[in-house]
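Enquirer: predicted model and sequence below, questions to follow.
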Amino acid sequence: MTTPERSIEINRQVRQILVQHWIDLGKLSISTGTGTVMIRGFLQRIARSDQPLTSKDVETMFGEIAKIQAVARVDAPLSNWLNTGRSWVPIGKPQKKPTVPASAAPAAPQSTENAVGV
């Protein structure tokens, strides 16, 4: 049986592993109970990371989490990754940073009322 104190420690270790892999914790919910770690949400790297998240990265992270003492199982129903039993596969479209097309950018003012003449 997992005590509340042990669950808190497991959650801390899980977060530490995810941070080491530059994962955005703000899009995830992490909980622990009776030896099972549950990770829900959207799994992605933080915005400042220039490395895309790969299937190998996801497999490595969850392997590290599974090695934490008292963890018997890792469940991760993620909205953007699927465990096929053999590997982790991204699902859906990857999120892109929003860009503003040049045609949508506000134009510079064209007024010449306050222009200094020569």
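Expert: Noted; the coordinates are in hand.

Enquirer: which strand or helix spans residue 63?
Expert: According to DSSP states H and E, residue 63 maps onto helix 55-66.

Enquirer: got a pLDDT number for the residue positioned nearest the centre of the chain?
Expert: The geometric centre of the chain, computed from its C-alpha atoms, lies nearest to residue 44 (CA atoms, centre = their mean), at 2.8 Å. Per-residue pLDDT puts residue 44 at 95.

Enquirer: isn't it right up against residue 52?
Expert: No - Residue 44 lies out of contact with residue 52 (CB atoms under 8 Å); the separation is 9.3 Å. Heads up, the C-betas are built off the backbone N, CA and C, glycines and all.

Enquirer: returning to what we had before: not counting sequence-adjacent ones, nearest residue to the residue nearest to the centre of the chain?
Expert: The spatially closest residue to residue 44, leaving aside those adjacent along the chain, is residue 24, at 5.4 Å (CB to CB, 6 or more residues apart in numbering).

Enquirer: against which helices or strands is the top helix by length along the chain packed?
Expert: Looking across the chain with DSSP state H, the single longest helix is helix 4-20. Other elements packing on helix 4-20 under the criterion 3 or more CB pairs under 8 Å, 6 or more residues apart in numbering; DSSP states H and E are strand 28-33, strand 36-41, helix 55-66.

Enquirer: who does the first one touch, helix- and strand-wise?
Expert: When contacts are defined as 3+ CB pairs under 8 Å, 6+ apart, strand 28-33 packs onto helix 4-20, strand 36-41.

Enquirer: deepest in the core, which of the helices and strands packed on helix 4-20 is it.
Expert: strand 36-41 (a mean of 18; mean count of other CB atoms under 10 Å).

Enquirer: helix 4-20 and that one, what's the angle between them?
Expert: Going by axes from the mean of the first three to the mean of the last three CA atoms, to 10 degrees, strand 36-41 is angled at 50 degrees with respect to helix 4-20.

Enquirer: what mean pLDDT does strand 36-41 get?
Expert: Strand 36-41 comes out at a mean pLDDT of 97.

Enquirer: check stretch 48-67 too.
Expert: What stretch 48-67 shows for mean pLDDT is 94.
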